[in-house]
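Student: Build me a model:
(3 chains)
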Amino acid sequence: MKAMATVTASSAFASMVGCGSKRASDASGSGSGSGDFTITFAQGADPRGLDPAYIDDGESAKVMVQIYENLLKYKAKNCEVEPGLAKSYDVSDDGLTYTFKLRKGIKFQDGADFNAAAVKKSIGRQLEPDRTDDMPYAAFTFGSKADGTGIESIETPDDYTVVMKLRAVSSAFLANLAMCMASPIVSPKAIEKGNTNEHPVGTGPYSFVSWTKNSDIKLKRFDGYWDKEHAGKAKNIVFRFIAESSTRVTALANGEADIIDGVDEADVDQVTKNGDVVDKFDGMNINYMAFNTQSDTFKTAEARKAFAKAIDVEEVVKSLYKKYATYANSVMPLWMAPYDKDIKQTAYDADAAKKELASLGITKVKCITYSNPRPYNGKGGTALAEAFQGYLRKVGVEMTIDQYDWTSYKTTVQAGNYDVCFYGWNGDNGDPDNFMNLLAADDYSMNVARWDNADYKKLIAKGLKTPNGSARDDVYHECEKMVADQQVWIPVSHSINILCHKKGVKGYVFHPTAVTFLKNCTKSA
Amino acid sequence: MFRYVVKRLLQAIPVLLGLSIVVFLLMHVFSPDPAPVVLGEHATQAQMHAWRNSMGLNKPLIQQYFSFLIGFLHGDLGVSYYTHTSVTKEIMSRFPATVELALVAIVLASVIGIALGVVSAVHKGTPIDAVSMLLALVGISMPIFWSGVLMIILFSGVLHWLPSGGRINPLLAPVGGTGLFLVDTLLSGDMEAFVDALRHIILPALALSLYSMAIITRMTRSSMLDALNEDYVRTARAKGLTPHRVHKHHALRNAMLPVTTVIGLQLGSLLGGAMLTETVFAWPGIGKFIVDSILKSDFPIVQGTVMLIGVIFVIINLIVDIIYAFLDPRIKYTKEEG
Amino acid sequence: MAEATADTVKPTAEKGESIWDDVWYSLSHNVTAMVSLGFIALVALLAILSAIFPQILPYDPYAQDLSQSFAAPSAAHWFGCDQQGRDIFSRVIVGGQVSLTVGLLSVSISLVVGVTLGAIAGYKGGKVDTVIMRCMDVLLAVPSILLAITFMAALGKGIDKAVVAIGLVSIPEYARIVRSQILSVKENDYVSAARVIGDSDAKIIFRHVLPNVAPSIIVRATLGISSAILDAAALGFLGLGVQPPQAEWGDMLGRGRNYIFQAPHAMIYPGLAITLTVLAFNLLGDGIRDAVDPKSRRR
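Tutor: Predicted coordinates:
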């Protein structure tokens, strides 16, 4: 055990061994693995819950990925899938039947066996008719009868084989099965007990110990983890919930946390000054402004283009987000869709904008935006809208901004009473359909441009049916071109995720789906 | 005495009923629709409608109100929209944190406040008096969310003496017991955890106590001055008692009556009003809980917490009145309030 | 009888005038109170002038200049700049408009409604009294800031709503003061006399009763403005206050709080503005109380 000057999590933990008092951490297992240390990860908020069927937020996902595993998993750096709890899978020629062969000898943290029945229970409860309203990702991940999509049935011919029949071909299906929402496999025994949302049980490298609301969640290494070679290194993992970025930075400096995420660009200098380390990762997101294509002002592409010429988006991105967001030339980030690099947005030309807007008679624009920072826009929608407002003032257009708390924003957007609005998207599964489908959705709280284009919708349908590969890439490239030509959106930026940690913390894996895998994480004083 | 207590309890019923109506109306009639918040970014109109149905939000208001009221009487405040957990349980798991913070703050406020108040009264008109009165006024005038953040910057960010927020290092947290970490760690003899809990509570308790401290200082000073002017104190002085004895034995004891009342009332508002302090210091109590829940439109939690705070408030006011009546024989139990 | 009435009423009126002369005399010799009054007048003057002649401000408080984002205080920007590169000094001055407006308007609401209800309850007594005072108890059943936050959560953002929320929650304080004062003056000779000669209730309340409770109400209102400004700032801090780009002290503080390391000035100056203004109203309130209440003046 290493001596430390200050009372950090690990030294506190080390010195209490054998003291015999009643503490939360005393519940920890004896530990067969390598380390006796604790990794403390500080994030902005409590999870909404810890059962993958009932959550839809990143804060939950970050905790759950330590506890649960899926049939398939993403590769470390991108969203290509590889075997997870299923050791292999097979897709029928018509693309409608998926057969998974499961690994044997895996146990859940509560001692239940992992087998075909467990998979059927965990996923089956999220299919109709058992699906309930409080499963936010069930329809998205596993489809629905009404739409004619997703899983029609799950069969278990033997204990280690699962067969899923789909209603329609979907090239995104495998990616969905690796997602942190809905798809992770939950212990059947725990599901029976209920309460998995507060006492999660999975097959992952860490098991759940306790959750003190608004404060912390404690996990301990699962000694019965099946993959001995990749078992967790730290004995305990603690998630702490600290709302403000600047306070998380202080907590890191004081040794109250080993890793913090969601760090505001404004605080980065302070982190470096404190002697801590800043890591940056590409994000899977898009921060954009949408035109209301059904409004009188912007029903024509001509008007939308005239507006777009007034805004120097590159300048906005540079000054507002500094180095912590990249200018978006298209809807998808380029690391996800490298084939989009030739897509160009309307160039900044204030003089032309002034002339064109004047001849179109556009002098007033009604804008709505959200006030809170979002994962794709760390400065919040108001700062971004105000930047646009400044450019428009220069070309003689007055843009009024009504801002809403995120809580009421969605309803406001749905009502459709705006010329332009700010929005964003955080990718779920790395599939291009997950992004491009936003402009084809019939639900106007997703398709905030209220764009209804038959050709585009055909392309989207085609994309889902085309197997992954260059033919599929071409379809989405076509989609991107169409969105740019029609100027449905003004794509603004892809935000970069900032993680900071103490020197000596190593081995954590940040995934583009914005979760951090901690099982390989180690630290030295 | 017994009749007085019963009468006061009966009077509390219409008040709490009125509060439940006000809160219910605010949450259900004037508030924005919670469905889009609760169901998240993927929700469709149809899903939102189905969700409202399942939560009973499409039922007539009267029916919704009565099921809320009946649940409340049974100690069942419903389930959170957002986490599907029992509101009563969620509140109870956070309540000890609020109680602990309020108790430490009121002790700080009383000790320092009474000391300052006595000193200024005794040294009336001197610079000592002027300075303590100005300090007390500054204490009332500084927004807690400003002084609190300044304290964090100084003691945690710059000096690194104290933690920036939270209640205790999670690994040291005691399990079970009273839920008051300072008490639990002392009882189990875990000094390291006790010190850690103490280090966490110093800044929030100090920030929270400033306002009450100021009020107590001012009240102590003015009732001390009243007491020093009473005939018997003058008599005592005339009899040649030392000023110290006069202050201590006569004036202070009589001055304590109104001060006790103020301390009791302040404790009531600390228990229910620590929203800003808990938010600034990430203190996991009901104050922070209610602010978070309001921002998330989690109405069952807002309703439940406000009602709970109302009950606590009424009970504490009652206790204060009883203690007052007990200490001051001049009060008759039948006395009307107001 | 008529002569008797005139005799008993007249002295009150004269006493009233002399009270205010006395008060002003005593107040004007209270250095702290006068300095506070001067400070408040300065803040108010700047707020009003900047509303009428925005050109007196060093910068347009709403004009962004992203190149100046979080610029530190300097000769050009006395209080530095905020995230959007807006001049904080200009925004603090303009923010005074909001804080003073909320303070004055919300106190007016609670004053008018509270005094009316308190007067009716105290004067009428009986059932009316019980009903009114029970309603007041409902508002007092939770801490006022919690009630104000709940109101704002339901009504939505905006200063107009903040004014209403803060005004509503302080009604009971005024109602209680007025009611108890009325109970004690109701039986005074001159009130009984007025009643005997058949003056209407309203006339009695306005002519004879209210002037007597005015001093304590004025003291309470002055202190009330300070707590209203604090409450408004708290709402702004929690993100329940104004709509952007409007400048409000609490809102500026709440935004600045996220950048305490990079730009401490973004929260120090708005916080200072709140504290000094509130302190000034508190000192003035104390001064007025000392002036109107001879008992406390003795101290």
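Student: tell me, how many neighbours does residue 193 end up with?
Tutor: With no chain named, the answer covers chain A. By other C-beta atoms under 10 Å in any protein chain shown, 12 other residues sit near A:Lys193. Just so you know, the C-beta spots here come from the backbone N, C-alpha and C atoms, and that holds for glycine as well.
Student: my bad, the chain I had in mind was chain B
Tutor: If you count neighbours by other C-beta under 10 Å, B:Ala193 ends up with 28.
Student: Repeat that for A:Asn429.
Tutor: Residues lying near A:Asn429 (other C-beta under 10 Å) number 24.
Student: so what's it closest to, chain neighbours aside?
Tutor: The shortest distance from A:Asn429 to any non-neighbouring residue, by C-beta to C-beta, 6 or more residues apart in numbering or on different chains, is to A:Ala175 (4.1 Å).
Student: Can you tell me the SS state at the one you found?
Tutor: Classification of A:Ala175 using DSSP: H, G, I helix; E, B strand; the rest coil returns helix.
Student: Tell me the residues of chain A that contact chain C?
Tutor: Within chain A, the residues that sit near chain C (C-beta under 8 Å from any C-beta of the partner chain) are A:244-246, A:249, A:264, A:266-267, A:269-270, A:316, A:319-320, A:371, A:379, A:382-383, A:386-387, A:390, A:401-403, A:405, A:408.
Student: check contacts around the closest residue to C:Leu283 other than its chain neighbours.
Tutor: Spatial nearest neighbour of C:Leu283, chain neighbours left out: C:Ser36 (4.1 Å); criterion: C-beta to C-beta, 6+ apart. Neighbour list for C:Ser36: C:279-281, C:283-284, C:287 [criterion: C-beta atoms under 8 Å, 6 or more residues apart in numbering or on different chains].
Student: Now name the helix or strand holding C:Ala228.
Tutor: Using DSSP states H and E, the element containing C:Ala228 is helix C:210-237.
Student: Could you check that helix against chain B for contacts?
Tutor: Yes. Shown here: helix C:210-237 in contact with chain B (C-beta under 8 Å from any C-beta) through C:226, C:230, C:233-234, C:237.
Student: what would those residues look like in a markdown table with neighbour count?
Tutor: Below are those laid out as a markdown table (neighbours: other C-beta atoms under 10 Å in any protein chain shown):
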| residue | neighbour count |
| --- | --- |
| C:Ser226 | 24 |
| C:Leu230 | 27 |
| C:Ala233 | 33 |
| C:Ala234 | 25 |
| C:Phe237 | 30 |
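Student: Reformat these as a markdown table; add distance to chain A and pLDDT.
Tutor: Shown next, in a markdown table, are the residues of helix C:210-237 next to chain B (distance: C-beta to the nearest C-beta, whole Å; pLDDT from 0 to 100):
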| residue | distance to chain A | pLDDT |
| --- | --- | --- |
| C:Ser226 | 28 | 91 |
| C:Leu230 | 22 | 92 |
| C:Ala233 | 18 | 91 |
| C:Ala234 | 17 | 91 |
| C:Phe237 | 12 | 88 |
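Student: Determine which two of the residues you listed are furthest apart.
Tutor: Using C-beta to C-beta, the two most remote members of the residues of helix C:210-237 next to chain B are C:Ser226 and C:Phe237, lying 16.4 Å apart.
Student: Could you count how many residues lie near B:Pro13?
Tutor: Actually, residue B:13 is Ile rather than Pro. 10.
Student: ok but it is inside a helix, no?
Tutor: Yes. Assigned with three-state DSSP, B:Ile13 falls within a helix.
Student: State the pLDDT value of it.
Tutor: As predicted, B:Ile13 sits at a pLDDT of 87.
Student: Ok, B:Asn229 next?
Tutor: 74.
Student: tell me the contacts of A:Cys180?
Tutor: Residues near A:Cys180 by C-beta under 8 Å, 6+ apart: A:52, A:61, A:64-65, A:513, A:515.
Student: And the closest residue to A:Cys521 other than its chain neighbours, how close does it get to A:Leu384?
Tutor: Sequence neighbours aside, A:Tyr508 is the residue nearest to A:Cys521 in space, at 4.3 Å (criterion: C-beta to C-beta, 6+ apart). With distances taken as C-beta to C-beta, to the nearest Å, A:Tyr508 is found 30 Å from A:Leu384.
Student: C:Asp87 now?
Tutor: Noted for C:Asp87: a distance of 21 Å to A:Leu384, by C-beta to C-beta.
Student: Need the single longest helix in chain A, by residues.
Tutor: Across chain A, the helix with the greatest residue count (assigned by DSSP state H) is helix A:470-486.
Student: Would you mind putting the CA coordinates of it into CSV?
Tutor: Output of helix A:470-486 as CSV, limited to C-alpha atoms (Å, rounded to 0.1, in the frame of the first residue of the first chain):
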residue,chain,number,x,y,z
SER,A,470,-20.0,1.1,-49.8
ALA,A,471,-23.4,0.8,-51.4
ARG,A,472,-25.0,1.8,-48.0
ASP,A,473,-22.4,4.6,-47.6
ASP,A,474,-23.5,6.0,-51.0
VAL,A,475,-27.1,6.2,-49.9
TYR,A,476,-26.2,8.2,-46.8
HIS,A,477,-23.8,10.4,-48.8
GLU,A,478,-26.7,11.1,-51.1
CYS,A,479,-28.8,12.0,-48.1
GLU,A,480,-26.2,14.4,-46.8
LYS,A,481,-26.0,16.1,-50.2
MET,A,482,-29.7,16.6,-50.3
VAL,A,483,-29.8,18.1,-46.8
ALA,A,484,-27.1,20.6,-47.8
ASP,A,485,-28.6,21.4,-51.2
GLN,A,486,-32.0,22.0,-49.7
